[in-house]
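Peer 1: What follows is a protein structure lacking sequence information:
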DNA sequence: TGCAATGATTGCGCTCATGCAACTGTTATG
DNA sequence: CATAACAGTTGCATGAGCGCAATCATTGCA
């Protein structure tokens, strides 16, 4: 039980469970938005108003690509694209109410799925789990970016 | 600390960290294989020899699609496609050594990243974490499928 | 004020994933 | 043995994502 390798395996197994939860929450909205599109929504939900270059940078894609992905989200009514009044070269990208609903739906689904799993644990186990994961998250460092890390890199 | 909502949030934060780990491990091989392709590799690595219909079923895609994804993996030298001698209608899909290397590389990368995070926790914290996650994984039920749950649903 | 820098868009070409329908080959069944 | 059932493949079409190069619009600077 003191073997770091075995301990990492325990985390791996739990990660598998959590990936399943995440995957199902994503699958739930896959008919409405693609994965790269959802990444944009989650990104904007987390960071607030962004311009196109920031989105492209965060996603690690070419700006021309970001333009088209954003375009699809605008057409879908999930993203609002306005000009930055102070510098009209920049865009101001924000979620619409519908866009917020999508993100909230995904996160809510995850939260419920996790709560459902925890409901079959004892109260003491739940407390121990919460405490242990706090220390784990702290050891990983504060979320380097935020919500969008959920989907970082999972393109194509 | 006894609030189930706050406890679920702690799991959500940890899930974010783990998703980052998974995403980076996937991004690492994204030049070699696409996400759907990796899903096939992980699937076969987990279940062993499969036929095409099983792959299509597990991925939730049309068989014609599975044919082409498998074809790309065969061409890439990551998957071996032979006929089932007992019934030549069926295929026998297996990983090549190179295919195994890809899967092992991804899993190894994750394991190392997790171990790196745990290295900055105290020994007691690591033990508590391993124990807590064992109970969490148990509460979630045994892995319904297996390794491939890591990527389930993350298509496109 | 004219030119350079900067952010975003558009045109072009490519790969991958996807579903459907038609077809081929293999096995089982009457 | 002929036909039906079944696994897989192929043709066809669509749409998303991606990068690169060229272009447009706006702003900053000399």
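Peer 2: On my side now, so go ahead. A quick note: this is a predicted structure, and the numbers were derived from the prediction, not measured.
Peer 1: Mind listing what's buried along the longest helix along chain A?
Peer 2: For chain A, the helix that runs over the most residues, judged by DSSP state H, is helix A:4-28. Under the neighbour-count criterion of 16 or more other CB atoms under 10 Å in any protein chain shown, helix A:4-28 has A:7-23, A:25-26 buried. Where you see a C-beta, it was placed from the backbone N, CA and C, and this is true even at glycine.
Peer 1: Check these one by one and keep those near DNA strand D.
Peer 2: Counting by CB under 7 Å from any atom of the strand, nothing from the buried residues of helix A:4-28 sits close to DNA strand D.
Peer 1: The longest helix of chain A and chain B, are they touching?
Peer 2: Yes: using CB under 8 Å from any CB of the partner chain, helix A:4-28 reaches chain B at A:4-24, A:26-27.
Peer 1: what's the answer for stretch A:107-114, then?
Peer 2: Yes: for stretch A:107-114, a contact with chain B is found by CB under 8 Å from any CB, at A:107, A:110-111, A:114.
Peer 1: Just the buried ones from the residues you listed?
Peer 2: The buried subset of the residues of stretch A:107-114 next to chain B - by 16+ other CB under 10 Å - is A:107, A:110-111, A:114.
Peer 1: Now intersect these with the strands, please.
Peer 2: Assignment to strands by DSSP state E places none of these there.
Peer 1: could you dump the residues you listed to a markdown table with distance to residue B:140 and pLDDT?
Peer 2: Below are these laid out as a markdown table (distance: CB to CB, whole Å; pLDDT from 0 to 100):
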| residue | distance to residue B:140 | pLDDT |
| --- | --- | --- |
| A:107 | 19 | 95 |
| A:110 | 13 | 94 |
| A:111 | 15 | 94 |
| A:114 | 9 | 95 |
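Peer 1: Go through these and flag which are in helices.
Peer 2: Using DSSP H, those in helices are A:107, A:110-111, A:114.
Peer 1: Closest to DNA strand C out of those residues?
Peer 2: Using CB to the nearest atom of the strand, residue A:110 comes nearest to DNA strand C of these, at 21.3 Å.
Peer 1: thinking that closest one is in contact with residue A:25, fair?
Peer 2: Yes: between residue A:110 and residue A:25 there is a contact at 4.6 Å, judged by CB atoms under 8 Å.
Peer 1: From DNA strand C, how far off is residue A:68?
Peer 2: In this view, residue A:68 and DNA strand C are 6 Å apart by CB to the nearest atom of the strand, to the nearest Å.
Peer 1: if you look at the host helix or strand of that residue, does any of it touch chain B?
Peer 2: Per DSSP states H and E, residue A:68 falls inside helix A:63-75. No: residues of helix A:63-75 contacting chain B under CB under 8 Å from any CB: none, with a closest distance of 12.6 Å.
Peer 1: What helices and strands are in contact with that helix?
Peer 2: Packing contacts for helix A:63-75, counted by 3 or more CB pairs under 8 Å, 6 or more residues apart in numbering or on different chains; DSSP states H and E, involve helix A:35-47, helix A:52-59, strand A:79-83.
Peer 1: swap the cut-off to 10 Å and go again
Peer 2: Counting contacts by 3 or more CB pairs under 10 Å, 6 or more residues apart in numbering or on different chains; DSSP states H and E, helix A:63-75 packs against helix A:35-47, helix A:52-59, strand A:79-83, strand A:91-95, helix A:97-118.
Peer 1: pLDDT of that helix, averaged?
Peer 2: The average pLDDT within helix A:63-75 is 98.
Peer 1: buried sites along that helix?
Peer 2: A:66, A:69-70, A:73.
Peer 1: Could you single out the nearest of those to DNA strand D?
Peer 2: residue A:69 (4.7 Å).
Peer 1: I figured the closest one hits residue A:79, correct?
Peer 2: Yes: between residue A:69 and residue A:79 there is a contact under CB atoms under 10 Å: 9.4 Å.
Peer 1: can you list residues touching both of these two?
Peer 2: Common neighbours of residue A:69 and residue A:79, using CB atoms under 10 Å, 6 or more residues apart in numbering or on different chains, are A:37, A:40, A:55.
Peer 1: Any residue of stretch A:73-88 touching DNA strand D?
Peer 2: Yes: applying CB under 7 Å from any atom of the strand, one finds stretch A:73-88 touching DNA strand D at A:87-88.
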